[in-house]
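Asker: Predicted model follows, preceded by the sequence.
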Amino acid sequence: MDDSILTYDELRDLSGYRTSPRICEWLRANKIPHLTNGRGRPLVSRLVIRTALGETQLPQAARAERSINFNKLNEARQKNNGTAQKN
């Protein structure tokens, strides 16, 4: 699995619980967004955990993923304006 997702063992250590239902309960109680896989095991992003722990400095890769491509936005706006003016 991708290293941007915490391993099950890491979630067990972090929560202090051993079973998936208890780990999910702990995540909900701490308002930590998560998904569950087909086996009911929680899936949590490392970035989500870092944010929940109060880390404000995002890693460079996370900042890059969240950046807005203004060139594409402007191209789309110009394309839509050109279409609107023709009608």
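Answerer: Arrived safely, thanks for sending. Residues are numbered from 1 along each chain as shown.
Asker: At which residues are the strands of the chain located?
Answerer: For the chain, strands defined by DSSP state E occupy the ranges 35-36, 42-43.
Asker: Neighbours of the nearest residue to R12 once chain neighbours are set aside, how many?
Answerer: Leaving aside its sequence neighbours, R12 sits nearest to R18 (Cβ to Cβ, 6 or more residues apart in numbering; 5.9 Å). For the C-beta atoms, the positions are set from N, CA and C on the backbone; glycine is no exception. Residue neighbour count, defined by other Cβ atoms under 10 Å, stands at 8 for R18.
Asker: ok, now C24?
Answerer: 21.
Asker: if I pick the nearest residue to it once chain neighbours are set aside, what's in contact with it?
Answerer: Once flanking residues are discounted, C24 sits nearest to P42: 5.1 Å by Cβ to Cβ, 6+ apart. Going by Cβ atoms under 8 Å, 6 or more residues apart in numbering, P42 touches Y8, L11, S20, I23, C24, L27, H34, L35, T36.
Asker: What residues are bridge-paired with P42?
Answerer: Beta-bridge partners of P42, counted by DSSP bridges, are T36.
Asker: ok, now how distant is it from N81?
Answerer: According to Cβ to Cβ, to the nearest Å, P42 stands 46 Å off from N81.
Asker: hang on, R22 packs against S15?
Answerer: Yes - taking Cβ atoms under 8 Å as the definition, R22 is a contact partner of S15 at 7.3 Å.
Asker: ok, and what's touching the top helix by length along the chain?
Answerer: The residue-count maximum for a helix in the chain (DSSP state H) belongs to helix 70-86. The contact list for helix 70-86, computed with Cβ under 8 Å, 6+ apart, is empty.
Asker: ok, and for that helix, which residues are buried?
Answerer: Neighbour-count burial for helix 70-86 flags no residue at all (criterion: 16 or more other Cβ atoms under 10 Å).
Asker: quick one: that helix to chain centroid distance?
Answerer: Relative to the centre of its chain, helix 70-86 is centred 30 Å away, using Cα atoms, centre = their mean, to the nearest Å.
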